[in-house]
Structure formats: structure tokens, C-alpha cells
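Enquirer: structure for the following, please:
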Amino acid sequence: MDLHHQQAITELIRRQAVERDTSVVFVTHEINPVIEHVDRVLYFARGQHRIGTVDEVMRSSVLSELYDAPVDVIEHKGRLVVMAEHLEGHHGHLSAEARPQEGIIR
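Expert: Next up is the predicted model:
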């Protein structure tokens, strides 16, 4: 989905959550389109998880611990970039792309 449609869908979901006074569980491989609306993140990796605010979970130290390998989380112009080396034979597949997260919008 292109950026314009990501923003439109995210805004529709956020508006519905506010109007209905309800929580929304949003499962995504890309947190950036929803990051400004997310209260909490549930991040899964290698059979483990972390839950907390975006600032608590989307950190180099947390993701490095989850993957048992160096992971850099860089913020650039309000967007998060998750970077890691691909390690051959590593017991958890690790690449330069972000792994799935669940954003909880309240």
C-alpha cells in the first residue's frame, strides 16, 4: 500500500477508535504509518516478546536483546528505521528489515 493509502486507512481506524471509545489491535510489519496513534507495542521475535510504549520497546537495546544480536533503531524525521546485519546460521532469522509488531491504538 502506498504512503497516501497507508495514512488514509490509519486515520480511518484511529477515528473509529476515538468515536467508539474502543481499543484497536493493529498487526503490522511496518509501524511507521501508525506510530503517532499507537499507545502500546507488542513486539515478537524468536519466541519472545516485549510490550510497552513505542519509546520503551522500539529501542536498540530491547531489540538487540530479543534477537540476541546487534540491532540499531534509528529515528529519522519521525519515522523509525530498524537495521541489523543478516547473520548466516543465526538461530533467529535476522535481516535489515523490521519484524512484525502489534500496535494497540486507544
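Enquirer: quick check: end-to-end length of stretch 34-54?
Expert: Chord length of stretch 34-54, first to last residue, is 11 Å (Cα to Cα, to the nearest Å).
Enquirer: now the helices: where do they sit in this structure?
Expert: 3-20, 54-57, 60-67 (DSSP state H).
Enquirer: ranking those by mean pLDDT, which is last?
Expert: In terms of average pLDDT, helix 3-20 trails the rest of the helices of the chain, at a mean of 88.
Enquirer: name the helices or strands packed onto that helix?
Expert: For helix 3-20, the packing partners by 3 or more Cβ pairs under 8 Å, 6 or more residues apart in numbering; DSSP states H and E come out as strand 24-28, strand 101-105. Every C-beta, even on glycine, is put in place using the N, C-alpha and C of the backbone.
Enquirer: quick check: buried residues in stretch 21-36?
Expert: 24, 26, 28, 31, 33-35 (16 or more other Cβ atoms under 10 Å).
Enquirer: can you check stretch 67-75 too?
Expert: For stretch 67-75, a neighbour-count test (16+ other Cβ under 10 Å) marks 67, 69, 71, 73 as buried.
Enquirer: cool, stretch 3-14 as well?
Expert: 10, 13-14.
Enquirer: likewise for stretch 49-59?
Expert: Within stretch 49-59, the residues scored as buried using 16+ other Cβ under 10 Å are 50, 54, 57-59.
Enquirer: of all those, which comes closest to Glu19?
Expert: When the buried residues of stretch 49-59 are ranked by distance to Glu19 (Cβ to Cβ), Val54 comes first, at 23.2 Å.
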